[in-house]
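Asker: Here's a sequence, model it:
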Amino acid sequence: MKREQNVIRILMVCLGNICRSPMAEFVMKDIIEKKHLSNRFFVASAATSTEEIGNPVHRGTREKLKEHGITTEGKYAVQLSRKDYDKYDYLIGMEQRNVTNMLKILGGDPEEKVRRLMDFSVAPRDIADPWYTGDFDRTYDDIYEGCQALLAYILKKESIKN
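Answerer: This is a model prediction of the structure:
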């Protein structure tokens, strides 16, 4: 995969890549688009497990995003690979367990690219998995907050005006 100049690449990661990480991928894309920064970013998502590979985004995530005018059309679960470490500038887990598994798959994090999404917020925490909680509203609110904070961090770090 050839890297485009000046494009910041973000990979959102959760356990199955059907609930939280695709929600984070598409929320981040929507925020970036509304700030007219789409040409500066590439955002994708992946799973740490193989359980859902090839499956579409969970109905609860699709319905929650649809309420905000966001579609997940064409997204199917894929798994994180060691090669992704060199492809992305930021590898963002939804919870600490994801981060632990990401580090195993990636073989470490020498460039400190791996973080939890909510580590960029004023209240660092895990994002609960709505697969288990059923609370897609809470997940959306946390992800939206985390994406806003991550983007603000990147814009400041990279000196990008919005």
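Asker: Confirm that Asn101 sits in a strand.
Answerer: No: checked against DSSP: H, G, I helix; E, B strand; the rest coil, Asn101 lies outside a strand; its state is helix.
Asker: Need the pLDDT of the nearest residue to it once chain neighbours are set aside.
Answerer: Of all residues not flanking Asn101 in the chain, Thr48 sits nearest, at 3.9 Å (C-beta to C-beta, 6 or more residues apart in numbering). For glycine as for every other residue, the C-beta is placed from the backbone atoms N, C-alpha and C. Note on Thr48: pLDDT of 98.
Asker: pretty sure Thr48 is touching Leu106, no?
Answerer: No: judged on C-beta atoms under 8 Å, Thr48 makes no contact with Leu106 at a distance of 10.1 Å.
Asker: next one: stretch 35-43 to chain centre, how far?
Answerer: With C-alpha atoms, centre = their mean, to the nearest Å as the basis, stretch 35-43 stands 14 Å off its chain's centre.
Asker: Residues in contact with it: which ones?
Answerer: Contact with stretch 35-43 is made by 4, 6-12, 25, 28-29, 32, 151, 160, 162, as judged by C-beta atoms under 8 Å, 6 or more residues apart in numbering.
Asker: With stretch 54-65 instead?
Answerer: 16, 18-20, 22-23, 26-27, 71-72, 75-77, 130-131, 134, 136-137, 139-140.
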